[in-house]
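*Asks:* Predicted model, plus sequence, below.
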Amino acid sequence: MGDLFWPGDHRAGDHFTSAAYLEAMVAVESRWAGVDLAGLVGPADLDLLARDAEGGGNPVIGLVRLLRERAGDPALHRGLTSQDVVDSALMLLASAAVTDLLDDLDRVVEGLAALATAHRDTPVVARTLTQHAIPTTFGFRVAQWLTGVLDARDDVRRLTFPAQLGGAAGTRAGMVELGRDVPLTPLPWHTTRAPVTRIGDALAGCTDACGRIANDVLTLSRPEIGELAEGSAGGSSTMPNKANPVVSVLVRRAALTTPQLAATLHLAAASQVDDRADGGWHAEWATLRDLVRRTLVAVSQTADLVGGLEVRTDRMARTLAEAGDDVLAEQRSLAAQAGHDPAPSYLGQAGGIVDAVVRRATLSQTQENR
């Protein structure tokens, strides 16, 4: 089901939906009980559980009651606390989402590496503080896009998704009383929320990198510049002549909103108190859901954007030529100071940097696929 408030939300699939959340919580309870409880509750119970969650402040209380009734086993869940189930379920959901996210990040990397290689030597004017600066190549600019995506992907790859097993106050006293043999690692993290904030930071890093690409496409696709264009631009409800860069707009939208979601996770982490928090924990759930889904959508859209990007090399060349001698002012000034004539080309190490970044991307893909 799509979301009219967030066009493109369908790209996130079933990740972090209420049905997936319920399935993950049941999976946690099943692992603890050592039996498969999956068939005892399902989507038909969602409305009841959602309404019941208000009374206890979380959905686990009602879920446990249903599981015990339908399984005929009052011992289910014993030794756990609600936060153990919720946190562990969120980590299961996040792990599954990150698997798909990495697939789309790989698509972005592959597309950018191909684009950078193809335009390694395509001349274009560099712009700094919105003004013409010096000559560069479009491949060099794409290599900078690629560097950002590679850094973001590295952060995502480093994520871990620990289960939560702490019991009522993190001491595991109830588990010991029941004779459960629970290893000390991973340690309980009821009020130490680094596993959650790390996910938030990594995902916001992805939308940062994608937003940076979208910003350039939006700027360079303006009619007065016209150096780039989306492969399948959107239309207008009133102006049939328009070809709006809709994908870039939607990616930029995510880049503008996900940092605040990550910040909310940090605020929730900083608001932890006692041995289990009173509100800071509760603030994470929907925040993490929105952050995950919006990142999945943005990265998928960026992969499509890069794959279909139209590069107008003729416009790039014309703009550079029209910039005239101004873009060579630095070169001439430095050449005079050094006592020699200006070099025939003023691109420095641009091509070599492109090659190095593409090699990094290629090597990273090769190592990941081993």
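*Replies:* Looks like it arrived, so ask away.

*Asks:* Count the neighbours of the nearest residue to residue 229 once chain neighbours are set aside for me.
*Replies:* Using Cβ to Cβ, 6 or more residues apart in numbering and skipping the chain neighbours, the partner closest in space to residue 229 is residue 310 (4.2 Å). For the C-beta atoms, the positions are set from N, CA and C on the backbone; glycine is no exception. Neighbour count for residue 310, taken as other Cβ atoms under 10 Å: 13.

*Asks:* Is residue 310 in contact with residue 230, as I believe?
*Replies:* Yes. The criterion here is Cβ atoms under 8 Å, and residue 310 meets it with residue 230 at 7.1 Å.

*Asks:* and the residue nearest to residue 229, what does it touch?
*Replies:* Residue 310 makes contact with 228-231 under the criterion Cβ atoms under 8 Å, 6 or more residues apart in numbering.

*Asks:* if I look at residue 306, how far off is residue 152?
*Replies:* Remark: distance between residue 306 and residue 152 (Cβ to Cβ, to the nearest Å) = 14 Å.

*Asks:* Could you do residue 317 as well?
*Replies:* 32 Å.

*Asks:* next one: residue 357
*Replies:* 14 Å.

*Asks:* three-state assignment of the nearest residue to residue 307 once chain neighbours are set aside?
*Replies:* The shortest distance from residue 307 to any non-neighbouring residue, by Cβ to Cβ, 6+ apart, is to residue 111 (4.8 Å). Under DSSP: H, G, I helix; E, B strand; the rest coil, residue 111 falls in the helix class.

*Asks:* tell me the domain ranges of the protein?
*Replies:* 10-77, 81-170+183-369 (automatic domain parsing).

*Asks:* What's the end-to-end length of stretch 68-80?
*Replies:* 14 Å (Cα to Cα, to the nearest Å).

*Asks:* tell me which residues of it are tucked away?
*Replies:* 68, 71, 76-80 (16 or more other Cβ atoms under 10 Å).

*Asks:* I'd like the distance from it to the chain centre, please.
*Replies:* Stretch 68-80 has its C-alpha centroid displaced from the chain centroid by 37 Å (Cα atoms, centre = their mean, to the nearest Å).

*Asks:* which residues are in contact with that stretch?
*Replies:* Contacts of stretch 68-80 (Cβ under 8 Å, 6+ apart): 29, 32-33, 35, 37, 40-41, 60, 64, 67, 85, 165, 167, 174-175, 177-178, 180.

*Asks:* average pLDDT across that stretch?
*Replies:* For stretch 68-80, mean pLDDT rounds to 98.

*Asks:* tell me the secondary structure for residue 124?
*Replies:* Secondary structure for residue 124, judged by three-state DSSP, is strand.

*Asks:* all helices of the stretch 251-370 of the chain, in order?
*Replies:* With helices called from DSSP state H, counting those that start in this stretch, the stretch 251-370 of the chain shows them at 284-307, 313-323, 329-338, 350-369.

*Asks:* in the stretch 201-350 of the chain, which segments are predicted with low confidence?
*Replies:* Residues of the stretch 201-350 of the chain meeting the criterion pLDDT under 70: 233-242.

*Asks:* Try it again at 80.
*Replies:* Scanning the stretch 201-350 of the chain for pLDDT under 80 picks out 232-243.

*Asks:* before we move on, the earlier item: can you tell me which of the contacts of residue 310 lies nearest to residue 18?
*Replies:* Proximity of these to residue 18 (Cβ to Cβ) peaks at residue 230, which lies at 33.8 Å.
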